[in-house]
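Undergrad: sharing a model that was predicted from the sequence below.
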Amino acid sequence: MTVSFDHALVLAGALFIMGIFCVVVRRNLIMMLLGLEIMLNAASIALVGAALKWHHVEGQAIALFIMAVAATEVSIGLAMIVGFYRRTDTVDPNALEEFK
Amino acid sequence: MLGTLNQQPILYAAVLASVVPLIAFLLIMVVTRRRPRVSAGLSIVAITIAFACSVLLLVRYWGLAALLQVTGTWVTTGQFTVSIGFILDPLSLLMVTVVSGISLLVQVYSLGYMAGDPGFSRYYAYMSLFAWAMISLVLSPNLLQLYVFWELVGVSSYLLIGFWYEKFSASEAGKKAFVMTRLGDVAFLLGLLTLLIPLGNLDVLMLNSPDIGSTMPAGMLTLSALLIFGGVVGKSAQFPLLTWLPDAMEGPTPVSALLHSATMVAAGVFLFARIFPFFSQSPAAMTVFLAIGTISMLLAATMAMVARDIKQVWAYSTISQLGFMIMGLAAGGYVAGVFHLITHAGFKALLFLCAGVFIHVYDSNDMFEIGRQGGRRLKIPMACMIVGAAALSGLPPLSGFFSKEAIIGVLATQDNRLWLGAALVGVVLTAYYTFRLIFIMLFPSAGAPSPPPTSGHGHHGRDYWTMATPLLILAAVTLVLGFAQTPLTQFLLFGVDAGGDHGHGERGLLIAAIAGAVGGVLLAWFEFGRKGSPQIGFVERIPALATLFSERWYLDRIYRWLLDRVVYGVFSRLATWNDERIINDGVDAFSDRLVGSGRILATLHRGMIQYKLLVMFSVVALLGLYFFF
């Protein structure tokens, strides 16, 4: 039994939209970063689903690359947030305006 | 894959056996972590199911004529194919029964040993993780799958050695075990790659086929056999990677019994047996293996002669016996090596579990201390320990006698008599250090004051009996297993008559082996057992030798020196210099420029990032709509 490609796409789409909402709506840099992660994972799911559908292993390979990129992205992003927090005492993205 | 399964529904038992412990692990980790009793129950039920399945399979396929393999393709890319599935042949059937059986006994035993520990649930979760990984490892039909579970077994070993992670020495020991076995595993992985590139897959069946020698050049074959053997050296704690195993005794005693003597460290030997026909294609590699096995056996035996800690003695003797198995296999004795692997699993688990009872009751690892406190009053563990010790020394009629005899018989067929001589010396040393421990505990020196009986520990409470029952079962197995040699031999060879393999017809050899063992016991009796004995071994009369042995032949010092001088002194220093001067400064210069230009550009896009993101997403979505619909 395999999951059909449509189902994989629906799941990926739903996750992606949830990720967008998280990035756009939450007033918290950490949650925005989480949203980005969710969007990346949605893309991975779509790729893996496509790999399954067309029997190409490249989709899975790219998904692995995405994981690596996501890991580096999180570490750099969190480091930036920590730096930001130390200087402004807040994680509100709107505070970027005063951040020079 | 499913088709084959449906044809023979009994094969689902194999799937069940390898999956149930994983389910137990996940359930304990996610759901029942705060309820120790439920966790223990779950884990024990899971391993019982696995054990029942493996016994079922063993009975059903007893005497099967050709091996069974069920595989499905996982990944095909280019010319490489990776399959997953499981293989059922006499070796894997026997191993899976041994692994699940001893896991079951050890888990029951742990109910008593670990009672009241704050990490009780965690302990059972790790035990289930280990059971899953080990059972799947044993059933793996190709080396890549085996390698995955090989590493998982390593992880569970790391977790369990460092189980009491608040203790600094325990977490250090876990790290050491992990890193040292990794060293071997890197070689293993390289060996797999050297096979994968010319052959395209790593199926055990293909590696074991007799015409493998014609598919790749002999030098390449020897190289990959040696590299794969690196994994065996790491996992089975052979020379030169042997010092992690004695340190691994920091873990709870049942863990030592299960992982670091009976099953996990035997995975190395199992791998050897698994692709035995492949290894035997390369006589040069086999000679190297024989030498490594011999060196490890003798080195570890000498270390055990001066150890004071019971668990350390058993740890050294594990290394020594694993070396002995590798000697047997490398000399061409497939059945002898596997048979010793199985009997050793039984009696070594027994010895460790007995040691655990003493440690639990007297709160000390030191054999002199336990003897002084009256260790012999614990009748059942003491009797079981003597049974196990006699099996380890190779005294008839216990299981160890038969399997050691088989290996010595194989070694006698070698042209070079050196190996046989080394094996006989090993037998004497083994009997000596084993009974040294027994006599020290049985007959403490008369001068020491005997403290009043410590009934406060509740020797005969429920804990005591949950610990004693597995001991009795294992002791019974140790007593009878040796007599199953002939049927086991036939089973392992697919019913083909063994012929030369158990040709230990030489009566002189038999007598020499028994005489060696008895001689060792008598020497121990003279020095530690008899009335008014000095309680000092002959090794301790030569201080230089005793220091050499108790310092583990300075192996750890050599590693430390190599680490400090070569790794830290040369490579790390160069790498640090490169890091600081070239990479750091280069990046600094680059990023200074970047920061400068960033400051200029930042004025353009400061603030309101979420509104801008919203606009960006909407534009992309609208563009998508425009282009695709």
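TA: That came through fine.

Undergrad: how close does residue B:340 sit to chain A?
TA: 42 Å (Cβ to the nearest Cβ, to the nearest Å). All C-beta atoms are positioned from the backbone trio N, CA, C, and that covers glycine.

Undergrad: I should have written residue B:533 there, sorry.
TA: From residue B:533 across to chain A, the span is 63 Å (Cβ to the nearest Cβ).

Undergrad: and the gap between the residue nearest to that residue when sequence neighbours are not counted and residue B:425?
TA: In space, and not counting its chain neighbours, residue B:533 is closest to residue B:527: 5.9 Å by Cβ to Cβ, 6 or more residues apart in numbering or on different chains. When distance is defined by Cβ to Cβ, to the nearest Å, residue B:527 is 18 Å away from residue B:425.

Undergrad: mind checking which of the two has more residues around it?
TA: Between residue B:527 and residue B:425, counted using other Cβ atoms under 10 Å in any protein chain shown, the more crowded position is residue B:527 (22 against 15).

Undergrad: which SS class is residue B:87?
TA: strand (DSSP: H, G, I helix; E, B strand; the rest coil).

Undergrad: the closest residue to it other than its chain neighbours: neighbour count?
TA: Spatial nearest neighbour of residue B:87, chain neighbours left out: residue B:141 (3.8 Å); criterion: Cβ to Cβ, 6+ apart. Look at residue B:141: counted by other Cβ under 10 Å, it has 24 neighbours.

Undergrad: quick one: contacts for residue B:141?
TA: B:69-71, B:83, B:85-87, B:203-205 (Cβ atoms under 8 Å, 6 or more residues apart in numbering or on different chains).

Undergrad: how much space separates it from residue B:361?
TA: From residue B:141 to residue B:361 the distance is 45 Å (Cβ to Cβ).

Undergrad: likewise for residue B:58?
TA: For residue B:58 relative to residue B:361 (Cβ to Cβ), the value is 36 Å.

Undergrad: so which elements touch the host helix or strand of residue B:39?
TA: Secondary structure from DSSP states H and E places residue B:39 in helix B:36-60. Helix B:36-60 sits against helix B:12-30, helix B:90-113, helix B:120-139, with contacts defined as 3 or more Cβ pairs under 8 Å, 6 or more residues apart in numbering or on different chains; DSSP states H and E.

Undergrad: got the buried residues for stretch B:198-210?
TA: Using 16 or more other Cβ atoms under 10 Å in any protein chain shown as the burial criterion, the residues of stretch B:198-210 that qualify are B:199, B:201-204, B:206-208.

Undergrad: so which of the residues you listed is the closest to residue B:407?
TA: When the buried residues of stretch B:198-210 are compared for distance to residue B:407 (Cβ to Cβ), residue B:208 comes out closest, at 21.7 Å.

Undergrad: okay, the closest one: pLDDT?
TA: Note for residue B:208: predicted pLDDT of 85.

Undergrad: now swap in residue B:408 and tell me
TA: Looking at residue B:408, its pLDDT stands at 87.

Undergrad: three-state assignment of it?
TA: Per three-state DSSP, residue B:408 ends up helix.

Undergrad: can you tell me which residues contact it?
TA: B:420, B:423-424, B:427, B:504, B:509, B:513.

Undergrad: so which of these sits lowest on pLDDT?
TA: residue B:504 (48).

Undergrad: near chain B, which residues of chain A?
TA: A:20, A:23-25, A:27, A:32, A:57, A:93-94, A:96-97, A:99-100 (Cβ under 8 Å from any Cβ of the partner chain).

Undergrad: can you state the direction angle for the helix holding residue B:39 and helix B:120-139?
TA: Taking axes from the mean of the first three to the mean of the last three Cα atoms, to 10 degrees, one finds helix B:36-60 and helix B:120-139 inclined to each other by 20 degrees.

Undergrad: and for helix B:36-60, what's in contact with it?
TA: B:10, B:13-14, B:16-18, B:20-21, B:23-25, B:27-28, B:32-33, B:88, B:93-94, B:96-97, B:100-101, B:103-104, B:107-108, B:110-111, B:120-121, B:124-125, B:127-128, B:131, B:135.

Undergrad: mind redoing it with 6 Å?
TA: B:10, B:13, B:16-17, B:20-21, B:24, B:27-28, B:32, B:93, B:96-97, B:100-101, B:103-104, B:107, B:120-121, B:124, B:127-128, B:131 (Cβ atoms under 6 Å, 6 or more residues apart in numbering or on different chains).

Undergrad: you'd agree residue B:84 is in a helix?
TA: No. Counting by three-state DSSP, residue B:84 is not part of a helix but strand.

Undergrad: could you give the number of residues near it?
TA: Neighbour number of residue B:84 under other Cβ under 10 Å is 18.

Undergrad: show me what it bridges to in the sheet.
TA: Taking DSSP bridges as the rule, residue B:84 bridges to residue B:72.

Undergrad: from residue B:17, how far off is it?
TA: On the measure of Cβ to Cβ, residue B:84 and residue B:17 end up 16 Å apart.

Undergrad: for chain B, name the helix or strand with the lowest mean pLDDT.
TA: helix B:2-7 (a mean of 67; mean pLDDT, DSSP states H and E).

Undergrad: for chain B, what's the nearest residue on chain A?
TA: Residue nearest to chain B within chain A: residue A:97 (3.3 Å; Cβ to the nearest Cβ).

Undergrad: pLDDT score assigned to that residue?
TA: So residue A:97 comes in at 70 (pLDDT).

Undergrad: burial of it, as a residue count?
TA: Residues near residue A:97, counting by other Cβ under 10 Å: 11.

Undergrad: hmm, back to that, and of the contacts of residue B:408, the nearest to residue B:380?
TA: residue B:427 (28.0 Å).

Undergrad: can you pull the contacts of the nearest residue to the closest one once chain neighbours are set aside?
TA: Counting by Cβ to Cβ, 6+ apart, residue B:516 is the residue found nearest to residue B:427 once chain neighbours are left out, at 4.2 Å. Neighbour list for residue B:516: B:424, B:427-428 [criterion: Cβ under 6 Å, 6+ apart].

Undergrad: what's the longest helix in the chain?
TA: Looking at chain A here, since you left the chain open. helix A:58-88 (DSSP state H).

Undergrad: switch to chain B, that's the one I care about
TA: Chain B, longest helix under DSSP H: helix B:168-199.

Undergrad: hmm, back to that, the contacts of residue B:141 into TSV, with extra columns for pLDDT and distance to residue B:550?
TA: Listed next are the contacts of residue B:141 as TSV, based on pLDDT from 0 to 100; distance: Cβ to Cβ, whole Å:
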residue	pLDDT	distance to residue B:550
B:69	83	48
B:70	83	50
B:71	83	49
B:83	85	49
B:85	86	48
B:86	86	45
B:87	88	43
B:203	86	46
B:204	85	41
B:205	84	47
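
Undergrad: using JSON lines, lay out those together with distance to residue B:321.
TA: Shown next, in JSON lines, are the contacts of residue B:141 (distance: Cβ to Cβ, whole Å):
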{"residue": "B:69", "distance to residue B:321": "31"}
{"residue": "B:70", "distance to residue B:321": "33"}
{"residue": "B:71", "distance to residue B:321": "33"}
{"residue": "B:83", "distance to residue B:321": "34"}
{"residue": "B:85", "distance to residue B:321": "32"}
{"residue": "B:86", "distance to residue B:321": "28"}
{"residue": "B:87", "distance to residue B:321": "26"}
{"residue": "B:203", "distance to residue B:321": "30"}
{"residue": "B:204", "distance to residue B:321": "25"}
{"residue": "B:205", "distance to residue B:321": "30"}
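
Undergrad: list only buried entries from those residues.
TA: B:69-71, B:83, B:85-87, B:203-204.
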